[in-house]
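Novice: Give me the fold of what follows.
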Amino acid sequence: MLWFLVPHIAAMLIWTASLLYLPTLIIGGVTDKTLVYEPQDRFDSIPRFMFTRIATPAALVAIIAGTWVFIVDQTVDTWLIAKLSLVAGLAVCHTLTGIMILRSETDNGKPVVPWCWVLTICIALLMSTIFWLVLAKPDMEQLL
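Specialist: Predicted coordinates:
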């Protein structure tokens, strides 16, 4: 099981770190165009590269390796179900980050900066709750 747990943890750390960084990168690209490198093609941006080449593959590895840990270990606890629900929320935030990248590239006047801040807060809360659930493994029946 350890061989599946190591890639799961590593990919989860890369995924969550890139999800925390991406909204800030989007805000930086939207607010001051002179500080960020302007590519030849406007759809070849740094946030898009990081999303498609780093965050999405890390998310896939984290989810696949986590599924293998779940299958091999055969653990069915309440904390694990709660963790999987929060990971689904993190996947939704991942999708919303991609939408923010598309909005920032089109420059159609829709507000991006406030939604990026909301997204960052949601990602941070989900990430900390997931890590707490994994490390504490609380008895959820007693909490409810």
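Novice: Tell me where the protein is predicted with low confidence.
Specialist: 1, 32-43, 108-109, 140, 143-144 (pLDDT under 70).
Novice: can you give me the helices in it?
Specialist: All helices of the chain, identified by DSSP state H, fall at 2-31, 46-50, 56-73, 78-106, 113-136, 140-143.
Novice: Off-centre distance for the third one?
Specialist: So the one you mean is helix 56-73. Chain-centre distance of helix 56-73: 14 Å, with CA atoms, centre = their mean, to the nearest Å.
Novice: Residues in contact with it: which ones?
Specialist: 1, 4-5, 7-8, 11-12, 14-15, 18, 80, 87, 91, 94 (CB atoms under 8 Å, 6 or more residues apart in numbering). Heads up, the C-betas are built off the backbone N, CA and C, glycines and all.
Novice: if you set the cut-off to 10 Å instead, what comes out?
Specialist: Helix 56-73 is contacted from outside by 1-19, 50, 75-76, 80, 83-84, 87-88, 90-91, 94, 97-98, using CB atoms under 10 Å, 6 or more residues apart in numbering.
Novice: Quick one, which of those residues are buried?
Specialist: Neighbour-count burial (16 or more other CB atoms under 10 Å) applied to the contacts of helix 56-73 gives 4, 7-8, 11-12, 14-16, 18-19, 50, 80, 83-84, 87, 90, 94, 97-98.
Novice: Can you verify my assumption that residue 110 contacts residue 116?
Specialist: No - with contact defined as CB atoms under 10 Å, residue 110 does not reach residue 116; the gap is 11.9 Å.
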